[in-house]
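Novice: sequence plus the predicted model coming up.
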Amino acid sequence: MIGAPMAEFGRTARTLLLAPALALVPPAAAHQEAEPPLVSFPSEWAVGEKIRLEMRKEREETRGGKALPSSGHKIPVTVEVREKKADGYVFRWTYGKAEPADPAAPRNPLAERLANLAQGLALDIRTDEDGTPEGLANPESVVSFYEKAFEVLGAEWAKAGMPAPSQEQMLRALQPFRSPETVGVAALRDPMIFFVVCGGEFRLGEKRDYEDQLPNPFGGEPFPSRAWFRMNEVRDEGREAVIEWRQTLDPEKSREILLATFKAMAEKMGTPLPAEKDLPSLSVEDQGLFVMEVATGWPRSVRHERTTLSGVQKRVDRTVFARLPPETK
């Protein structure tokens, strides 16, 4: 989310929105015109069940009103149900090779290498019964994977002539991926976006407001947020439901937390403490759109966009998931 890839949406939203799977529209509701349809997404997946995705990542930045070169790539992802437990599941989320989103765009080997840090990475994700990611079942192996990738990346940066301070700054941003205690928050960002409304229950047109706390990727106090969900549409003869989501951080509280976190990190690393006046203002807004397959409970497509304003810099990070057809044998 801030500084490094962020992770999850909190338990508050799940408690408010998610309930056991019910029928698409309860029989009694069919005769109550004043009651909008109720849609519940089932979360009964079989071990061995597998889906294929295309994940597209795009970034747009402006600094001082000037647009910087945009970047984007697409990555194949496989999601497999590996284990079913009494209180949830273990999903394996595996990344393939990243490719430029626009083949005609100028090539940037270092950016492509950074995009491919996760190529071949398998995340074993522990979830609750609704499919909400709760943590990694294999944090040590994920840290080991990233450590090897960072070694290769650092060697390539040095070979390309990147100044040592710039290398250190880049690697500091990747620090959450290097500890079993923080790698789950960092690595689960993409799966959390994909699974966030799975197992949920929504009434057409009803807006659900809630307050939440988002994990701090640097291990400090979580960031408070306000958010809402709303089911905007049921279409394709009840086969699809469209869910909208919005979230904003409390800018003043987030700035205080960020300063305290950076001070704690500086003390731990023995570096100078940042002054409060040197910390830029911060504004973060999320918006998402989820197209859900009602019969199976799997998302058909997901679009998430995060807009971050920090001082004179504006950044828009966009993640889009699209379901791919099953592999043919």
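Specialist: That came through fine.

Novice: which residues touch the helix or strand harbouring residue 320?
Specialist: Under the criterion DSSP states H and E, the helix or strand holding residue 320 is strand 313-324. Here strand 313-324 makes contact (C-beta atoms under 8 Å, 6 or more residues apart in numbering) with 51-64, 76-77, 190, 193-194, 280, 298-308. Where you see a C-beta, it was placed from the backbone N, CA and C, and this is true even at glycine.

Novice: what lines up beside it in the sheet?
Specialist: As defined by DSSP bridges, the strand partners of strand 313-324 come to strand 50-63 (antiparallel), strand 299-310 (antiparallel).

Novice: tell me which of these is the most buried.
Specialist: Across the strands paired with strand 313-324, averaging neighbours per residue (mean count of other C-beta atoms under 10 Å) puts strand 299-310 on top, at a mean of 19.

Novice: now that strand, how far from the centre of its chain.
Specialist: 8 Å (C-alpha atoms, centre = their mean, to the nearest Å).

Novice: alpha carbons only: can I get that strand in PDB?
Specialist: C-alpha atoms of strand 299-310 as PDB (Å, rounded to 0.1, in the frame of the first residue of the first chain):
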ATOM      1  CA  PRO A 299     -14.500 -13.800  -9.600                       C
ATOM      2  CA  ARG A 300     -14.700 -13.500 -13.400                       C
ATOM      3  CA  SER A 301     -12.900 -10.300 -13.400                       C
ATOM      4  CA  VAL A 302     -11.500  -7.800 -10.900                       C
ATOM      5  CA  ARG A 303     -10.300  -4.300 -11.300                       C
ATOM      6  CA  HIS A 304      -8.500  -2.400  -8.500                       C
ATOM      7  CA  GLU A 305      -7.000   1.100  -8.700                       C
ATOM      8  CA  ARG A 306      -5.000   2.900  -6.000                       C
ATOM      9  CA  THR A 307      -4.300   6.600  -6.200                       C
ATOM     10  CA  THR A 308      -1.600   7.900  -4.000                       C
ATOM     11  CA  LEU A 309      -0.800  11.600  -3.500                       C
ATOM     12  CA  SER A 310       2.400  12.400  -1.700                       C
END
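
Novice: could the strands paired with strand 313-324 be laid out in TSV, adding mean pLDDT and distance to residue 116?
Specialist: Below are these laid out as TSV (pLDDT from 0 to 100; distance: least, C-beta to C-beta, whole Å):
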stretch	mean pLDDT	distance to residue 116
strand 50-63	94	12
strand 299-310	93	21
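
Novice: mind putting those into JSON lines with distance to residue 292?
Specialist: Rendered in JSON lines, the data for the strands paired with strand 313-324 read as follows (distance: least, C-beta to C-beta, whole Å):
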{"stretch": "strand 50-63", "distance to residue 292": "13"}
{"stretch": "strand 299-310", "distance to residue 292": "6"}
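
Novice: which one of those lies nearest to residue 174?
Specialist: Among the strands paired with strand 313-324, the nearest to residue 174 by C-beta to C-beta is strand 50-63 (15.8 Å).

Novice: in its sheet, what does the next helix or strand after the closest one sit against?
Specialist: Where DSSP H and E defines the elements, the next helix or strand beyond strand 50-63 is strand 66-67. According to DSSP bridges, strand 66-67 forms sheet pairs with strand 50-63 (antiparallel).

Novice: what's in contact with the partner strand?
Specialist: Counting by C-beta under 8 Å, 6+ apart, 67-68, 70-81, 101, 115, 190, 194, 298, 312-327 sit against strand 50-63.

Novice: just the buried ones from these, in PyMOL syntax?
Specialist: Filtering the contacts of strand 50-63 down to the buried ones (16 or more other C-beta atoms under 10 Å) takes a single PyMOL command:
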select buried, resi 71+72+73+74+75+76+77+78+79+80+81+101+115+190+194+298+314+315+317+319+320+321+322+323
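
Novice: rewinding a little: send me the strand holding residue 320 as PDB with only the CA atoms.
Specialist: Output in PDB follows, covering the C-alpha atoms of strand 313-324 (Å, rounded to 0.1, in the frame of the first residue of the first chain):
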ATOM      1  CA  GLN A 313       3.900  13.300  -6.700                       C
ATOM      2  CA  LYS A 314       0.800  11.400  -7.800                       C
ATOM      3  CA  ARG A 315       0.800   7.700  -8.600                       C
ATOM      4  CA  VAL A 316      -1.900   5.500  -9.900                       C
ATOM      5  CA  ASP A 317      -1.400   1.700  -9.600                       C
ATOM      6  CA  ARG A 318      -3.800  -0.500 -11.400                       C
ATOM      7  CA  THR A 319      -4.300  -4.200 -11.100                       C
ATOM      8  CA  VAL A 320      -6.700  -6.100 -13.400                       C
ATOM      9  CA  PHE A 321      -7.600  -9.800 -13.200                       C
ATOM     10  CA  ALA A 322      -9.400 -11.600 -16.100                       C
ATOM     11  CA  ARG A 323     -10.300 -15.300 -16.000                       C
ATOM     12  CA  LEU A 324      -8.800 -17.400 -18.800                       C
END
